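Trainee: Give the three-dimensional model of this entry:
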Amino acid sequence: MRWLAVALLFWALPAAAVSCEDVDYLGNSYTVCTVDATQEDLRLFYKDVDGGVIGSFGALEDLPSVGSLAFAMNAGMYHDDRSPVGHYVEGGIETMRVIPNAGPGNFGLLPNGVFCITDTSAQVYETLAYVANAPACRDATQSGPMLVIDGALHPRFLPDSTSRFVRNGVGTSTDGATAVFAISNNSVTFHEFGSFFKDYLAMPNALYFDGKVSRLYSRAQGRSDFGFQLGPMVGVVE
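Mentor: Numbering: from 1, shown residues only. Sure, this is the predicted structure:
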């Protein structure tokens, strides 16, 4: 009856808060983490209670308010002082306004977008749609460019681009119930990364978080990337 004991033990174990897996697609490797936004405690993190920038997964794990960290990722571009480049809301408090106009760098490669989290949903909005709809986000971070907009690839992504970096981003389901985070495990172009969200993950909307500084924490995989000090982060806590 050993099989029965093992089965009962497996049944009694709590379900993982985040499902992460490695995926090979068209010659590139990605790690994909899927979050049930209706059930899991998905949040943004930037500063601690003393006003200091958290900056790393290790420091995030050490916060008393976090408890057990299941997953984390850098979540939006930031300045040299690690302050958000674009719109940022955490716990209902806005610390940076929406930037609706074009600007330098990838952030200004319009259209860009906003990742919005409520207690029971997560959605990626194109920035002007976000401004028009004014969703009630508990947490929000603006980044860019959009990878996928209403099922279409960003119009300025070039199939023959030679710009390659490790990149990360997020896509959301139409109903806002599922957020899918991905990071490339090798350098990829914007076209390759956006196509992965559009064609493989089938995300109707997806947003680029960053490149080169892209980092992932996955407790289930025993992974905690290190390197650059980070600005805003997104994570799931238990």
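
Trainee: which strand residues sit across from the spatially most central residue of the chain in the sheet?
Mentor: Residue closest to the average C-alpha location in the chain (Cα atoms, centre = their mean): V170, at 4.3 Å. Counting by DSSP bridges, V170 is bridged to F181, L207.

Trainee: who touches it in this structure?
Mentor: Counting by Cβ atoms under 8 Å, 6 or more residues apart in numbering, V170 makes contact with 73, 75, 115, 122, 124, 179-182, 206-207, 209, 234. For every residue, glycine as well, the C-beta is placed using N, CA and C.

Trainee: rerun that using 6 Å as the cut-off
Mentor: Taking Cβ atoms under 6 Å, 6 or more residues apart in numbering, we find V170 in contact with F115, A179, F181, L207.

Trainee: Could you identify which of those residues has the most neighbours?
Mentor: Ranked by the number of neighbours (other Cβ atoms under 10 Å), the contacts of V170 place F115 first, at 31 neighbours.

Trainee: Which neighbours in the sheet does the helix or strand hosting that residue have, and how are they oriented?
Mentor: Assigned by DSSP states H and E, F115 falls within strand 113-117. Sheet pairing for strand 113-117, assigned by DSSP bridges, gives strand 122-126 (antiparallel), strand 139-143 (antiparallel).

Trainee: Can I get the ones you listed in JSON lines including mean neighbour count?
Mentor: Listed next are these as JSON lines, based on neighbours: other Cβ atoms under 10 Å:
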{"stretch": "strand 122-126", "mean neighbour count": "24"}
{"stretch": "strand 139-143", "mean neighbour count": "28"}
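
Trainee: can you redo the ones you listed as TSV with distance to L26?
Mentor: Shown next, in TSV, are the strands paired with strand 113-117 (distance: least, Cβ to Cβ, whole Å):
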stretch	distance to L26
strand 122-126	23
strand 139-143	24
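
Trainee: Return the helix or strand in the protein with minimum mean pLDDT.
Mentor: For the chain, counting by mean pLDDT, DSSP states H and E, helix 2-12 ranks last in confidence among helices and strands (a mean of 36).

Trainee: Bridged to A122, which residues?
Mentor: Beta-bridge partners, per DSSP bridges, of A122: I117.

Trainee: Please give me every residue in contact with it.
Mentor: A37, T172, G176, A179.

Trainee: what's the spacing between it and V180?
Mentor: 10 Å (Cβ to Cβ, to the nearest Å).

Trainee: Overlap in contacts, these two.
Mentor: In contact with both A122 and V180: no residue, using Cβ under 6 Å, 6+ apart.

Trainee: what about the helices in this structure?
Mentor: 2-12, 57-62, 127-133, 190-195 (DSSP state H).

Trainee: Now do the second one: everything it contacts.
Mentor: Looking back up the chat, that one is helix 57-62. With Cβ under 6 Å, 6+ apart as the test, helix 57-62 has contacts from F45, I54, L69, A72, Y217, S224.

Trainee: redo that, cut-off 10 Å
Mentor: Applying Cβ atoms under 10 Å, 6 or more residues apart in numbering, the contact partners of helix 57-62 are 45, 48, 52-54, 56, 66-69, 71-74, 215-219, 223-226, 229-230, 233, 235, 237.

Trainee: hmm, which of the residues you listed are the buried ones?
Mentor: 45, 48, 53-54, 56, 66, 69, 71-74, 215-219, 224-225, 230, 233, 235, 237 (16 or more other Cβ atoms under 10 Å).
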